[in-house]
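Enquirer: Could you work out the structure for the sequence below:
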Amino acid sequence: MIEMADLSDGRYARGVAGDTFNAAWYARHLFPADWSIAYGTRLGMDPASQTVFDCIAKAGIDTHWISRDPVRSVGLYMITLSQGEREFTYWRAQSAARQLAQDLTLLRAMMADHDVLYFSGITLAILPPADRERFCDCLAQARRAGACIAYNTNVRPRLWRGQDDMRNGIMMGARVADIVVSSTDDEGMLFPDQQTSDALDRYRSAGADTVVITNGPDPIWCDHLGQRSRHDVVPAKDVIDTTAAGDSFAAALLAGLVQGRDPEQAIGDASFVAGQVVQAHGALISVEPPDHNRKL
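Expert: A predicted model of the protein is given here:
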């Protein structure tokens, strides 16, 4: 999407962002150079869509699975900040990405022969119900074929048709995932009467091997194959903008886990990266990579 980021002085800076793209961008910076990072979506053929396409390509991300739509365009969102916290306003009704899952042949090909597939609750929320099911069916097929499926809940109530639709859609994604990342904020919107332990149980019962629940600067909880652990977070010195904090966390966590680091080390890496992101404006910033020379 085109991002208009609040500079806190009445001006906005134009950029390119969006939760899964943010994660792909950070993954490209955090995975070794010999890993291929590809992004699958649908864009228009207008200048704004070309801006997004060029940004993805410039980041070193494979654009092979980006299809083009002759009629629709790209989504746009504006971020308003208040003491570092975000308020989003979206314009995405004509976004070509909403038709991402309509071509089943293309969708299956997009998900085939990849080691890791990453998607989010926003991915599911923007799809029509039938396309959402088709998308998750293809993920399940890729999982059976050996791919690791990673999922970030990224709950945005305004994108769903109501509480039941949101809960059902989010859990539909969880049932095809090996790794689930959520947050206490997301869980509070989904199941306000439940505790963090309930969320860990719910996603593990849905079939995930690893579940990570973040809580801003407060401790992170993880359940990995039934082993539950608590991880303290080193607070960022100066929180300026929390945009993409969760996306960068998910990318760094995934980079650690799929390369064999244990959950504690991967969570430490992810917290380190996210802690840098919240100290700068905008979604995409240069970050110092975590120290991967630590012993596993």
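Enquirer: going forward, measure contacts between C-alpha atoms and count neighbours the same way
Expert: OK.
Enquirer: Was I right to think C55 contacts A17?
Expert: No. With contact defined as Cα atoms under 8 Å, C55 does not count as touching A17 (9.5 Å).
Enquirer: Of those two, give the one with the bigger neighbour count.
Expert: More neighbours surround A17 than the other of C55 and A17, with 25 against 16 (other Cα atoms under 10 Å).
Enquirer: what about G260, distance to S49?
Expert: Distance, G260 to S49, by Cα to Cα, to the nearest Å: 37 Å.
Enquirer: Sorry, wrong one. I was asking about R158.
Expert: 24 Å.
Enquirer: Between those two, which has more neighbouring residues?
Expert: Taking neighbours as other Cα under 10 Å, R158 and S49 compare with S49 leading, 23 against 11.
Enquirer: in the helix or strand encompassing that one, what's buried?
Expert: Using DSSP states H and E, S49 maps to helix 47-58. Neighbour counts using 16 or more other Cα atoms under 10 Å place 48-50, 52-53, 55-56 of helix 47-58 among the buried residues.
Enquirer: Now tell me what touches that helix from outside.
Expert: With Cα atoms under 8 Å, 6 or more residues apart in numbering as the test, helix 47-58 has contacts from 1-2, 16, 25, 43-44, 62-63, 73-74.
Enquirer: Quick one: mean pLDDT for the very next helix or strand once past it?
Expert: Downstream of helix 47-58, the first helix or strand assigned by DSSP H and E is strand 66-69. Mean pLDDT, strand 66-69: 96.
Enquirer: Equivalent analysis for stretch 188-196, please.
Expert: Stretch 188-196 comes out at a mean pLDDT of 96.
Enquirer: Only the buried residues of that stretch, if you could.
Expert: 190, 196.
Enquirer: got the end-to-end distance for that stretch?
Expert: 9 Å.
Enquirer: next one: that stretch to chain centre, how far?
Expert: Centre-to-centre, stretch 188-196 and its host chain are 20 Å apart (Cα atoms, centre = their mean, to the nearest Å).
Enquirer: which residues sit against it?
Expert: Contacts of stretch 188-196 (Cα under 8 Å, 6+ apart): 155, 157, 163, 166-167, 184, 187, 213, 221.
Enquirer: Stretch 252-261 now?
Expert: Among residues not part of stretch 252-261, those counted as contacts by Cα under 8 Å, 6+ apart are 26-27, 30-31, 150, 262-263, 265-267, 269-270, 273, 296.
Enquirer: Any chance of the residues you listed in a markdown table with neighbour count, pLDDT and distance to G226 as columns?
Expert: Shown next, in a markdown table, are the contacts of stretch 252-261 (neighbours: other Cα atoms under 10 Å; pLDDT from 0 to 100; distance: Cα to Cα, whole Å):
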| residue | neighbour count | pLDDT | distance to G226 |
| --- | --- | --- | --- |
| Y26 | 26 | 97 | 29 |
| A27 | 24 | 97 | 27 |
| L30 | 21 | 95 | 28 |
| F31 | 19 | 94 | 27 |
| A150 | 24 | 98 | 18 |
| D262 | 13 | 94 | 14 |
| P263 | 21 | 95 | 12 |
| Q265 | 18 | 94 | 17 |
| A266 | 24 | 96 | 17 |
| I267 | 27 | 97 | 17 |
| D269 | 24 | 94 | 22 |
| A270 | 25 | 96 | 21 |
| V273 | 25 | 95 | 26 |
| L296 | 9 | 40 | 20 |
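Enquirer: Narrow the residues you listed to those in helices?
Expert: 26-27, 30, 263, 265-267, 269-270, 273 (DSSP state H).
Enquirer: Now do the closest residue to E3 other than its chain neighbours against A57, distance only.
Expert: Once flanking residues are discounted, E3 sits nearest to G15: 4.9 Å by Cα to Cα, 6 or more residues apart in numbering. In this view, G15 and A57 are 14 Å apart by Cα to Cα.
Enquirer: Brilliant, that's me finished.
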